[in-house]
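A.B. asks: got a predicted model here, sequence first, then my questions.
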Amino acid sequence: MNIETLLAIAPFSWGAIGASILCGAIVGLERQLRGKPVGIRTSALIVLGTYVFVAVSMIAATDNSDPSRIIGQVVTGIGFLGAGVMLAREGVVVGVTSASTIWSLAAIGVCIAVVDSVVAVKLSIVIVAILYGVDLLEEYSSVFTRGVHTKYNNWRKTR
């Protein structure tokens, strides 16, 4: 047995697997540095798992099957995972951003399998820009932290 046989992961691609881990790490690092759920490990596993499911469905496709159905099932399953990070605390729902991030990570995994790894990396950067950029806006002006967008800690202090 030679080294090429040991490292072979056909029909998958090491490049796509690396891109999955990179995309998950890009988004997960932002979440982990802020102490939010869905850090680097979880994010990388969500993207990687989604890539593998979609890639396998495309390989196993026949005239009687439709790989896009797997994508739909992944979206549904990821919804349950996202719902697990949302909680209600003292009448305020928290974790919606983390749940949305999970959903976006799954979309990145689909993108790696169906579109292109480079596009997926760019989209990961866009996700981080949204997560970080809106936070900057909230720090810049109180206009962005009114109503339901009031930070949970600020809301508790007023009660």
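C.D. replies: Structure received. This one's a predicted model, so the numbers in the text were calculated from it and none came from an experiment. Residues are numbered from 1 along each chain as shown.
A.B. asks: residue closest to the middle of the protein?
C.D. replies: Leu105 (1.8 Å; Cα atoms, centre = their mean).
A.B. asks: next, that residue: secondary structure please.
C.D. replies: Following DSSP: H, G, I helix; E, B strand; the rest coil, the label given to Leu105 is helix.
A.B. asks: Leu48 is in contact with that one, correct?
C.D. replies: No - between Leu105 and Leu48 there is no contact under Cβ atoms under 8 Å: 9.8 Å. Glycine gets a C-beta too; all of them are placed from N, C-alpha and C.
A.B. asks: intersection of neighbour lists for the two?
C.D. replies: Taking Cβ atoms under 8 Å, 6 or more residues apart in numbering as the criterion, Leu105 and Leu48 both touch Gly24.
A.B. asks: in the helix or strand that contains Leu136, what's buried?
C.D. replies: Here Leu136 sits within helix 117-140, counting by DSSP states H and E. Using 16 or more other Cβ atoms under 10 Å as the test for burial, helix 117-140 gives 117, 120-121, 123-124, 127-128, 131.
A.B. asks: show me what contacts the spatially closest residue to the residue nearest to the centre of the chain that is not a sequence neighbour?
C.D. replies: Leaving out its chain neighbours, the residue that sits closest to Leu105 by Cβ to Cβ, 6 or more residues apart in numbering is Ile46, at 4.3 Å. Ile46 sits next to 24, 38, 78, 81, 102, 105-106, 109 when contact means Cβ under 8 Å, 6+ apart.
A.B. asks: pull out the buried residues from those.
C.D. replies: 24, 38, 78, 81, 102, 105-106, 109.
A.B. asks: turn the residues you listed into JSON lines, including secondary structure and distance to Thr5.
C.D. replies: Below are the buried ones among the contacts of Ile46 laid out as JSON lines (DSSP: H, G, I helix; E, B strand; the rest coil; distance: Cβ to Cβ, whole Å):
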{"residue": "Gly24", "secondary structure": "helix", "distance to Thr5": "28"}
{"residue": "Val38", "secondary structure": "coil", "distance to Thr5": "36"}
{"residue": "Ile78", "secondary structure": "helix", "distance to Thr5": "34"}
{"residue": "Leu81", "secondary structure": "helix", "distance to Thr5": "35"}
{"residue": "Ile102", "secondary structure": "helix", "distance to Thr5": "36"}
{"residue": "Leu105", "secondary structure": "helix", "distance to Thr5": "32"}
{"residue": "Ala106", "secondary structure": "helix", "distance to Thr5": "32"}
{"residue": "Gly109", "secondary structure": "helix", "distance to Thr5": "27"}
